[in-house]
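1. have a look; sequence and predicted model below, questions after that.
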Amino acid sequence: MNNPFDISGLVVVVTGAAGVLAGQTARHLAEQGATVALLDLNKEKLDARVAEFQKDGLKASGHVSNVLSEEILAKTCEEVLALHGHVDVLINGAGGNMPGATIPPEKTIFDLKVEDWDKVLALNLKGSLLPSMAFGKAMLQSPNKCSIVNFSSMAATRMITRVLGYSNAKAGIDNLTRWMAMEFARTSGDKIRVNAVAPGFFIGDQNRGLLINPDGSLTERSHKVINQTPMGRFGESPEVPGTIHYLISPAASFVTGQIVAIDGGFSIFSGV
Ligand code: NAD
């Protein structure tokens, strides 16, 4: 009997794969038998991660790349095709926040560093659009059914204090996901599906300072998050890859344009 979750024949490209959630995702998909091409700007972190994968017998290759450069992405796509023959899945994992695009407690919107706001918008939004264009074109030549998964966030739909640039960028990701889903479905039927995951609160390098005090205790902000989360805890990074596995598998063959929350109920809770 066919396994609707079988992804073993797929070549999966993961951007930002030296990072926390994107790295966990790359690992999970490789463990499920996919061939994974890991892309990141940071060569040192990338090399270390690819070495771990290869030591554990996983099918993986590493590619230093930049999601903000059409030229570099085109070269990376050629490299991946030369090594693996086709591209079936793109996980747009490169993304994140930066302090200048955030409003600290004692500041207001008038203190925003607009250049940092631009950078956060570019990394998250343009940094998902350009790889989708580069690898989407290659997907049209693949013998397999293909898909793209973007990373949204709770900040896209629930207004979360301070994180202005990041929220604006992730709202753009939701729109880009739906727009690309419509476009690919209209122009290529079910050849390329496009979905997104919206992780709730996971402690990572970008938000550790906001959620954990230097002494390791939870900040006041953390307590607010936990109180708003019916499951009463933060997410753990292995909880993201399973949802992505489903979204890229044949089991989700009629699912496109969806943004799936992985948030312990944060987004559906009234707080009462
Ligand atoms: P991370 O910060 O751990 O890793 C991001 C990676 O992207 C880094 O390895 C970095 O080197 C790489 N990168 C940065 N600029 C790049 C560029 N121009 N080209 C290529 N690579 C580049 O992030 P993560 O925790 O793995 O998050 C993955 C995605 O999930 C991001 O979009 C993030 O915004 C989103 N997200 C994270 C959380 C969370 O709580 N951690 C919650 C919601 C959404």
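-> Nice, thanks for sending it over.
2. what does this structure have sitting close to the ligand?
-> With C-beta under 6 Å from any ligand atom as the criterion, the chain meets the ligand at residues 15-16, 18-22, 40-42, 45, 65-68, 93-96, 123, 127, 151, 153, 199, 201-202, 204-207. (Glycine included, C-beta is placed from N, CA and C.)
3. what residues of stretch 237-257 count as buried?
-> Residues of stretch 237-257 classed as buried: 237, 239-241, 243-249, 252, 255-257 (neighbour count, 16 or more other C-beta atoms under 10 Å).
4. ok, back up a step: of the residues of the chain next to the ligand, buried ones?
-> For the residues of the chain next to the ligand, buried by 16+ other C-beta under 10 Å: 15-16, 18-22, 40-41, 65-68, 93-96, 123, 127, 151, 153, 199, 201-202, 206-207.
5. just name the closest of the buried residues of stretch 237-257 to Thr157, please.
-> Gly257 (15.0 Å; C-beta to C-beta).
6. can you map out the strands along the stretch 51-200 of the chain?
-> Applying DSSP state E, counting those that start in this stretch to the stretch 51-200 of the chain gives strands spanning 60-64, 89-92, 146-151, 192-199.
7. and the residue of the stretch 51-200 of the chain closest to the ligand?
-> Gly95 (2.3 Å; C-beta to the nearest ligand atom).
8. do I have it right that that residue meets Phe151?
-> Yes: applying C-beta atoms under 8 Å as the test, Gly95 and Phe151 come out as touching, 5.4 Å apart.
9. so who does the closest residue to Gly204 other than its chain neighbours touch?
-> What sits nearest to Gly204 in space, not counting adjacent residues and going by C-beta to C-beta, 6 or more residues apart in numbering, is Val20, at 4.6 Å. Taking C-beta atoms under 8 Å, 6 or more residues apart in numbering, we find Val20 in contact with Phe202, Gly204, Asp205, Ser237.
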